[in-house]
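1. Just to be clear, the model below is a prediction. Sequence and coordinates:
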Amino acid sequence: MLAEIGHFALILSLLVALAQSVLPMLGAIRGDAALMAFGRSAAGLQALLIGLSFACLMTLFGQADFSVALVANHSALSQPLPYRLAATWGNHEGSMLLWVLVLSIYGAGIARFGDNLRATLQARILSVQAMISVAFLAFALFTSNPFARLFPVPLDGAELNPLLQDPGLVFHPPLLYLGYVGFSVTFSFAVAALLEGRADPAWARWMRPWVLAAWVPLTCGITLGSFWAYYELGWGGWWFWDPVENASFMPWLIGTALLHSAIVTEKRGSLAGWTILLAILAFSLSLIGTFLVRSGILTSVHAFAVDPKRGVFILAMIIGATGTALTLFAAKAPMLRSGALFGSVSRESGLTFNNLLLMALTAVVFLGTFYPVIMEAVAPTNKISVGPPYYNLVFAPLAAPLLILVTIGPMLAWKRDDLGALARKLLLPVAIIAVVLAGLALWTGLAKLSAALGLALGAWLIMGAVLVLVRRWRGAGGFSWRLVRTTPAATIGLVLAHAGLGFTTAGIAAMSAFSAEKILVMRPGETAAAGPVSVTMTGAEEVEGANYRALRAHFSVRQNGSTHGLVSERRLYTVSGSQTTEAGIGVSVLGNQYVAIGDVQQDARGQGLVVRIYWHPLVGWIWFGGLLMAMGGAASLSDRRFRIGAPQVRTPLAPNLVPAE
Amino acid sequence: MKRLLFILPIIAFAGLAAFLGFGLTQDPKELPSQLIDRPLPEFALPGIEDGGGPGFASASFKGEPRLLNIWASWCAACPQEHPVLTQIAREGFPVYGIAWKDKPQDSREWLARYGNPYAAVAADQQGRTAIDLGVTGVPETFIVDKKGRVRFKQIGPISPEVWEGQIKPLMQQLRAEA
């Protein structure tokens, strides 16, 4: 019964979305307030219906109702309840339902928090949003119905992929979806602006919180995903340039550009074309990310539901959404009023460079990801995939100038700055970093100069972030507590995010230059070393878990005179027969010790366990930095200028004419 | 000139969509095997009985076309393929099995439970032979001709459709070959 209620609610929501995709748009064209108001109610109703449908599916998983095919195929009685519930979105059909749920929640958000939006703009946004809804709801209902029944009813279900039985799964996909789907809102903003032929500072100010609302969870999701891969997949790496990782990274890069470009449009009315293009691209890349995972066009560890029919549907959606939006962009964007002009040395041009570099980085990732597909079309006999060497070679040289720019950008004045003033402001920071770099280079030696450069870049970014605060607090008339107290949340956000980028950069540099690894066969009592870490196997045993059997090995780990114990397991999940590795990780600020066991193997001295030992310096900084960036975004989102009404005047106010508070 | 700049994104996108559409028509699972039309790599494996017992060696793949099936007791798709293998054996085509990274005890229990369609079973406990064969997962099946050359590789379970439509005609053709 529940399955039918859920299915019915989903069908109803499709009907509501159909109406919402037409009527408010019509209302905006005719100036009919009632039709525009309908959009707001419809968006709320849609979210309620899809929420009901999702709750039904989750309950079915909770009750382990194996008469529903999806439940039978993706959960088993031996699974703990939280993972059975998480299995709701650990499969293709359920994750599509989560996708439309998030989409409808954002839609309801625009209706609820859009009080200060121009009514016609809001109506158009809601209509575009509903068009996306219609496409995805139709996709879910017609190609991947989560509520299909199964007969005969099996006694127990098939297990969820054990790799996915982890707290990481509970949060990783929903966070990514919040990000991907969040860019649907900015996409709708962009299309609505093109339809209205108006992209002014007010429009950008309305849009920016939505950019942040998508960017923050996406940042968290990518960070969490990287961390999850590190400790669960047992490969000891934190990023693999896997197609699906790239699929989440590309919208992030474009989203980051959009975030900055929207500031220019908001403050100066310029770069409106850029902002619109980036908003369209961010969502398009999110769609392409979905396409990648579900079409089977590229294979990866993440791939589920490989089905060409679904691929055709999603490709049609991408062509429909992106194609229409870009055509509209080609037709209407040249007519948009461009805002105030700016000099070649100014914050605007700094942010334009930022856009260009981020676009170039996205292109690099895009090419690497799709090169196999393109090559197959050109030379069908070649099966190739593009690996980390390509990315390391091309990505780093493009990322370095961007990272240098990140610290310089906030020092630039809006509109026009002169090189002399900039040079004076840069003198001290550059001198400090030069000394830091020289010291690092002496320590690392010439062979690892790239590591010294990377670490210095990290320091440059963190220092740049601190300098933003210093400049703000010192003000024109010297340091004052009033300036500290009144620091806008947006400035705090900038400082946190840029510093976070610095920590991530330093972590990546240290990891790529100084990580050490050793793979060998060990027996209890033996000792091996990787880098500064010395590991002794103290014992091994077989253990029984809730739904798995495991081989567990105990290690004693020594580094710099201190010793502690680590445990690693090799688990065999009995229902599905798949194996996973639980690594033993010793965490500290300076780096992680990582021990993982593999199969039993023979070597010259008899039977033993394959053991992989890693030393990962500063690896935690990579995720700490990601977390800081997300916190920066959240701080920026809380800035009060998004809550007070946006100025309705076209020309930006002079700084001393800020509306009374 | 400026207008052109705004048209650029849609042109680039049209090109991309064409490639993606083309990519959809391709099956990523169709990994070409390096072994096609080459002789089977050399191996000599013990059986799955206690103490090794007679298994089989690559040298024995001569004189008649055979199927060489890689499987394991822990493999999830193997029970699904099993009835098809039984059918193939019943139709008189010899199927040889290599139990990949499997304890002989487990292999024996599995065969006792489902039935044994194999003419002979060998154990590749270390997975070395599977590496020589380029096995990417289980189950996989190699079709070996009279001269001991690999002629076809099936990745994943053989479905009744694949057997009737592809592999059976190939086997009949290989039998007819000189």
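-> Cool, got the structure.

2. Let me see the ranges of the strands in chain B.
-> Taking DSSP state E to define them, one finds strands in chain B at B:44-45, B:56-57, B:66-71, B:95-100, B:120-124, B:140-144, B:150-155.

3. mind checking which of those is nearest A:Trp481?
-> Comparison of the strands of chain B against A:Trp481 by C-beta to C-beta identifies strand B:150-155 as nearest, at 69.3 Å. All C-beta spots, glycine's among them, are computed from the backbone N, C-alpha and C.

4. In its sheet, which strands sit next to that closest one, and in what direction?
-> Strands that pair with strand B:150-155, judged by DSSP bridges, come out as strand B:140-144 (antiparallel).

5. what's the angle between the partner strand and strand B:66-71?
-> 160 degrees (axes from the mean of the first three to the mean of the last three C-alpha atoms, to 10 degrees).

6. distance of the residue sitting nearest the centre point of chain A from chain B?
-> For chain A, the residue nearest the mean C-alpha position is A:Leu218 (2.9 Å; C-alpha atoms, centre = their mean). Noted for A:Leu218: a distance of 22 Å to chain B, by C-beta to the nearest C-beta, to the nearest Å.

7. In the longest helix seen in chain B, which residues are buried?
-> In chain B, assigned by DSSP state H, the helix with the most residues is helix B:2-24. For helix B:2-24, a neighbour-count test (16 or more other C-beta atoms under 10 Å in any protein chain shown) marks B:6-7, B:9-10, B:13, B:16-17, B:19-24 as buried.

8. same thing with stretch A:52-72?
-> Those would be A:52-62, A:64-66, A:68-72, for stretch A:52-72 by 16+ other C-beta under 10 Å.

9. The stretch 501-650 of chain A: strands as residue ranges?
-> For the stretch 501-650 of chain A, applying DSSP state E, counting those that start in this stretch gives strands covering A:516-522, A:527-530, A:533-544, A:548-559, A:562-573, A:579-582, A:584-588, A:591-603, A:606-617.

10. Present those as TSV; the columns should include mean pLDDT.
-> Shown next, in TSV, are the strands of the stretch 501-650 of chain A (pLDDT from 0 to 100):
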stretch	mean pLDDT
strand A:516-522	86
strand A:527-530	89
strand A:533-544	89
strand A:548-559	90
strand A:562-573	87
strand A:579-582	77
strand A:584-588	86
strand A:591-603	82
strand A:606-617	86
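
11. would you list the ones you listed in CSV and tack on distance to chain B?
-> Converted to CSV, those look like this (distance: least, C-beta to the nearest C-beta, whole Å):
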stretch, distance to chain B
strand A:516-522, 13
strand A:527-530, 22
strand A:533-544, 14
strand A:548-559, 11
strand A:562-573, 8
strand A:579-582, 8
strand A:584-588, 24
strand A:591-603, 8
strand A:606-617, 12
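
12. okay if I get those as TSV plus mean neighbour count and distance to A:Val373?
-> Conversion of these to TSV gives the following (neighbours: other C-beta atoms under 10 Å in any protein chain shown; distance: least, C-beta to C-beta, whole Å):
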stretch	mean neighbour count	distance to A:Val373
strand A:516-522	16	32
strand A:527-530	16	38
strand A:533-544	15	41
strand A:548-559	19	37
strand A:562-573	17	33
strand A:579-582	19	30
strand A:584-588	16	36
strand A:591-603	20	33
strand A:606-617	19	33
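
13. from the buried residues of helix B:2-24, which are also near chain A?
-> Restricting the buried residues of helix B:2-24 to those near chain A by C-beta under 8 Å from any C-beta of the partner chain leaves B:6-7, B:9-10, B:13, B:16-17, B:19-24.

14. Nearest to A:Tyr177 among those?
-> Distance to A:Tyr177, by C-beta to C-beta, is smallest for B:Leu20 among these, at 21.7 Å.

15. how close does that closest one get to A:Ser184?
-> 20 Å (C-beta to C-beta, to the nearest Å).

16. What of A:Trp206?
-> Distance from A:Trp206 to A:Ser184, by C-beta to C-beta: 16 Å.

17. what does A:Leu427 give?
-> As judged by C-beta to C-beta, A:Leu427 and A:Ser184 stand 45 Å apart.

18. So for these two, which residue has more residues nearby?
-> Neighbour comparison, A:Leu427 and A:Ser184: the larger count goes to A:Ser184, with 26 against 10 (by other C-beta atoms under 10 Å in any protein chain shown).

19. which residues does B:Asn69 contact?
-> Residues in contact with B:Asn69 (C-beta atoms under 8 Å, 6 or more residues apart in numbering or on different chains) are B:Leu85, B:Val95, B:Tyr96, B:Gly97, B:Ile98, B:Tyr118, B:Pro139, B:Glu140, B:Thr141.

20. Report the separation between A:Gly500 and A:Leu437.
-> As judged by C-beta to C-beta, A:Gly500 and A:Leu437 stand 21 Å apart.

21. quick one, which of these two is more surrounded?
-> Neighbour count, other C-beta under 10 Å: between A:Gly500 and A:Leu437, A:Gly500 has more, with 26 against 18.

22. Would you mind measuring from the more buried one to chain B?
-> Distance from A:Gly500 to chain B, by C-beta to the nearest C-beta: 31 Å.

23. tell me which element that residue is part of?
-> helix A:489-514 (DSSP states H and E).

24. how about that helix: buried residues?
-> By 16+ other C-beta under 10 Å, the buried positions in helix A:489-514 come out as A:489-511, A:513-514.

25. Could you do stretch A:425-445 as well?
-> Neighbour counts over stretch A:425-445 (16+ other C-beta under 10 Å) mark A:Lys425, A:Pro429, A:Ile433, A:Val436, A:Leu437, A:Leu440, A:Ala441, A:Thr444 as buried.

26. Other residues contacting that stretch?
-> A:407-408, A:411, A:449, A:451-453, A:455-456, A:459-460, A:463-464, A:467, A:513.

27. Swap in 10 Å and give it another go.
-> A:404, A:407-408, A:411-413, A:417, A:419, A:423, A:448-460, A:463-464, A:466-467, A:471, A:509, A:513-514 (C-beta atoms under 10 Å, 6 or more residues apart in numbering or on different chains).

28. coming back round to it: which elements pack onto the longest helix of chain B?
-> Helix B:2-24 sits against helix A:272-295, helix A:308-318, helix A:324-332, helix A:347-378, with contacts defined as 3 or more C-beta pairs under 10 Å, 6 or more residues apart in numbering or on different chains; DSSP states H and E.

29. Cross-check the contact I'm expecting between B:Tyr118 and B:Trp71.
-> Yes. Applying C-beta atoms under 10 Å, one finds B:Tyr118 in contact with B:Trp71, separated by 9.0 Å.

30. who's more crowded, these two?
-> Neighbours were counted for B:Tyr118 and for B:Trp71 using other C-beta under 10 Å; B:Trp71 has more, 27 against 21.
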